[in-house]
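> everything below, folded, please.
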Amino acid sequence: MKTLLYVEDSPDDRFLVERACGMGQVSFLLKTVESGFEAIRYLSGEEEFGDRAENPIPDLILLDLQMREADGFEVLRWIRGDPTTRAIPVALYTGSFIAEDIAKAYSEGANYFITKPSQLAALIEIVRAVDQCLASDSTRCEALARFSTPAGPR
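Residues are numbered from 1 along each chain as shown. Take a look at the predicted model:
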């Protein structure tokens, strides 16, 4: 079974993604962590995340950009710098529309930059796109790319 790791410090946003996954009847396993530091511990298999049967290496990471401890850019740099996680596709998932954030995300190795939708129906479409991507085994998935903000001119 494919696994999506969702890194988000807002309990409300975690609840919405969990609800969207249920409503969208996705086939992947959703794992959530509450901070950037917790994401690094999960990906490293440290402490409570040591059991890989319970906490598998994710096939895709949905990463909030703005978190109180270790923001999305710090976590993304760690992911891209570690040999065991370097190749995992990462979608920054944020409320940011700032062009500098978008450019920085792609330059630091993000595969997608997705703005959090205001409607649950749109979120359900995003998690269904994630489901399609994970089922296709593709590192660059058009279903998810259509929700992604392009890098734009550099």
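> next up, the contacts around Leu63.
7, 39, 72, 75-76, 90-93, 110 (CB atoms under 8 Å, 6 or more residues apart in numbering). Every C-beta, even on glycine, is put in place using the N, C-alpha and C of the backbone.
> what does Ala105 give?
For Ala105, the contacting residues are 65, 72-73, 76, 92, 113, by CB under 8 Å, 6+ apart.
> going along the chain, name the helices of this protein.
11-23, 36-44, 72-81, 99-107, 120-136, 142-145 (DSSP state H).
> what comes up buried for the fourth one?
The one in question is helix 99-107. 101-102, 104-106 (16 or more other CB atoms under 10 Å).
> now it against helix 72-81, angle please.
For helix 99-107 against helix 72-81, the angle by axes from the mean of the first three to the mean of the last three CA atoms, to 10 degrees is 10 degrees.
> how far is helix 99-107 from where the chain is centred?
In terms of CA atoms, centre = their mean, to the nearest Å, the centre of helix 99-107 is found 16 Å from the chain centre.
> ditto for the last one
Averaging C-alpha positions (CA atoms, centre = their mean) puts helix 142-145 14 Å from its chain's average.
> no further questions, thank you.
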